[in-house]
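**Student:** fold the stuff below for me.
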Amino acid sequence: MEKSTALLEMTGIFKVFPGVKALQNVDFKLRSGEVHALMGENGAGKSTLIKVLTGVYGRDAGTMLLDGEQIYVKNPQEAQNAGISTVYQEVNLCSNLSVAENIYIGREPIKFGKIDWKEVNRRAKEALAKLNLDIDVTKVLNTYSVAVQQMVAIARAVDIKAKVLILDEPTSSLDENEVEKLFEIMKKLKSRGIGIIFVTHFLDQVYQICDRITVLKNGELVGEYEISQLPRYDLVSKMLGKEVDEFAALENSKVFDKHARKPFIEAIQVGRSGSINEFNLNLTEGEVLGLTGLLGSGRTEMARLFFGADKIDSGELTIDGKRTHFNSPIDAINHEIAFCPEDRKQDGVIGDLSVRENIILALQTKKGIANKLTRKEQEKISDDYIKLLNIKVSSPEQLLKNLSGGNQQKVILARWLVTRPRLLILDEPTRGIDVGTKTEIQKLVLKLASEGLSVIFISSELDETVRCCNHVAVLRDRSMIGELYGEDVNQTSIMQTIAGGAKQ
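**Tutor:** All right, here's what the predicted structure looks like:
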């Protein structure tokens, strides 16, 4: 691309946090009148690059040009003043104010020393009309759907003369009709010369609306591509950091006969509106079922339905052939199901409790407040599982927050194994821990399965999924699109299924 055609150029961008190189020599170019997808898995650097562009973070090195002139924005307001606006997944407007107030807050027309509310409402209605949206602008914003709130945020961005519009996961809470309406608006904005940066995990949407793609991985630029020159299979390869030749050389010697195993839990046309589309899936005893797909494909959403963390609103679950309904996680726990969440710091670790207290937590919940474990019982349980999982602690009374990430993860595993579950759901159990501990957890999963425990295993690392799982459900864009068994559980097959069938 010639320099003269670039609306925005970011060159050689570096951003370093203590112990982490978040961005390393990243280039990004945006043309006027294009939709440019910014793609990458979790930790790729997408959010950091956007925050550098919008002034949330200062860059440590590199240059940014807007319309050929160098800029250095120190905060989001300066970015907005320069013509760079962002609409986030969680709409960053004032939900208790009217639609009109949100569009013109801080820019209200003044008449005779006072805000001219009649003019505010007229202009707001006009701004929304340009997006084909006709609503009562005097109503409070939170009376409208998320889709409408996003349109209001876009109308505000356009009205303040945005040259660059960043849409950060704008479709994650929208249904198909709402996505179509958003895409129509994006096409309209393109025709006006606005450059749109589209951050999403939905492959189908990328190929539906985008002109070019920039892929990041581990804070580095993988490449910039015209949409017509990057088949989906190749995009998946670049995002996951695997070359096609690597996959061809891999072999899988697993033997798996699902019919020889005792059926355990089955999902029949199970789904949840706005979360994951209806799917059929069954799990046998001693089976390790992998849920695989790109970030945002619906892996965690599926797992949460099996644990009652989210309620299903279509279909049914059966356990041992009997219809089952979970109103909450405690129902799942009572059916001998355990869940180690993806975000252990947010949803798993209780840092100010001791290792002992964290380990016995789920078992005590299952027993109920009327059947308290004695201190002696607690100490025996914690001692047994610290030894079993080789958890490195100075004492069971050590606070959990003072352990390494890997040992914290082992404590959460112990917490659920204590309940003696029939199904253990592991969402990214090895993320952010050292190689040695990662190997220990993988070996433990295979050992537990060999003893009859059923496991649902979610990992962003394909080689780990292949190593641990004998049955894989492949997800894309909140839908289950395929299943693989035994020897078919290999990286080539998984990649081809994610990309939409045979290699394109």
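**Student:** what residue of this structure is the furthest out?
**Tutor:** Farthest-out residue of the chain from its mean C-alpha position, per Cα atoms, centre = their mean: residue 112, at 49.8 Å.
**Student:** mean confidence (pLDDT) on stretch 156-163, please.
**Tutor:** Averaged across stretch 156-163, the pLDDT comes to 84.
**Student:** equivalent analysis for stretch 440-447, please.
**Tutor:** 84.
**Student:** what's the answer for stretch 483-495, then?
**Tutor:** 89.
**Student:** re the thing from before, please tell me how far the residue farthest from the centre of the chain sits from residue 119.
**Tutor:** 12 Å (Cβ to Cβ, to the nearest Å). For the C-beta atoms, the positions are set from N, CA and C on the backbone; glycine is no exception.
**Student:** neighbours of residue 62, how many?
**Tutor:** Residue crowding around residue 62 was assessed by other Cβ atoms under 10 Å; the count is 16.
**Student:** that one touches residue 10, doesn't it?
**Tutor:** Yes. Using Cβ atoms under 8 Å, residue 62 is in contact with residue 10, at 6.7 Å.
**Student:** which residues are in contact with each of these two?
**Tutor:** residue 26 (Cβ atoms under 8 Å, 6 or more residues apart in numbering).
**Student:** is residue 212 bridged to anything, and to what?
**Tutor:** residue 36, residue 226 (DSSP bridges).
**Student:** burial of it, as a residue count?
**Tutor:** Counted with other Cβ under 10 Å, residue 212 comes out at 19.
**Student:** for it, which residues are in contact?
**Tutor:** Residue 212 neighbours (Cβ under 8 Å, 6+ apart): 31, 34, 36, 37, 224, 225, 226, 227.
**Student:** as TSV, these with distance to residue 494, pLDDT and neighbour count would be great.
**Tutor:** Compiled in TSV, the contacts of residue 212 are given as follows (distance: Cβ to Cβ, whole Å; pLDDT from 0 to 100; neighbours: other Cβ atoms under 10 Å):
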residue	distance to residue 494	pLDDT	neighbour count
31	34	96	16
34	31	96	19
36	28	97	23
37	22	96	25
224	26	96	15
225	22	96	17
226	26	96	11
227	23	94	17
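**Student:** what is the nearest of those residues to residue 491?
**Tutor:** Distance to residue 491, by Cβ to Cβ, is smallest for residue 225 among the contacts of residue 212, at 21.8 Å.
**Student:** residue 37 versus that closest one, what's the distance?
**Tutor:** 9 Å.
**Student:** need the residues touching each of those two.
**Tutor:** By Cβ under 8 Å, 6+ apart, the residues touching both residue 225 and residue 37 are 212, 213, 214.
**Student:** tabulate the residues you listed (CSV), appending pLDDT.
**Tutor:** Shown next, in CSV, are those (pLDDT from 0 to 100):
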residue, pLDDT
212, 97
213, 97
214, 97
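**Student:** hmm, back to that, pLDDT value on the residue farthest from the centre of the chain, please?
**Tutor:** For residue 112, pLDDT reads 86.
**Student:** just residue 218 next, same as before
**Tutor:** Looking at residue 218, the pLDDT reads 85.
**Student:** quick one: it and residue 44 touch, right?
**Tutor:** Yes. With contacts defined as Cβ under 8 Å, residue 218 counts as touching residue 44 at a distance of 6.7 Å.
**Student:** so those two - more neighbours on which side?
**Tutor:** Between residue 218 and residue 44, counting by other Cβ under 10 Å, residue 44 is the more crowded of the two (22 against 14).
**Student:** measure that one to residue 213 for me?
**Tutor:** 13 Å.
**Student:** could you do residue 238 as well?
**Tutor:** In terms of Cβ to Cβ, residue 238 sits 9 Å off from residue 213.
**Student:** then residue 134?
**Tutor:** On the measure of Cβ to Cβ, residue 134 and residue 213 end up 34 Å apart.
**Student:** ok, residue 153 next?
**Tutor:** From residue 153 to residue 213 the distance is 24 Å (Cβ to Cβ).
**Student:** same check, this time on residue 367
**Tutor:** 52 Å.
**Student:** swap in residue 317?
**Tutor:** 38 Å.
**Student:** who are the neighbours in contact with residue 500?
**Tutor:** By Cβ under 8 Å, 6+ apart, the residues touching residue 500 are 203, 232, 476, 481.
**Student:** ugh, wrong one, I meant residue 473
**Tutor:** Residue 473 touches 279, 281, 289, 290, 291, 292, 302, 480, 482, 483, counting by Cβ under 8 Å, 6+ apart.
**Student:** what strand or helix carries it?
**Tutor:** If you go by DSSP states H and E, residue 473 is part of strand 471-476.
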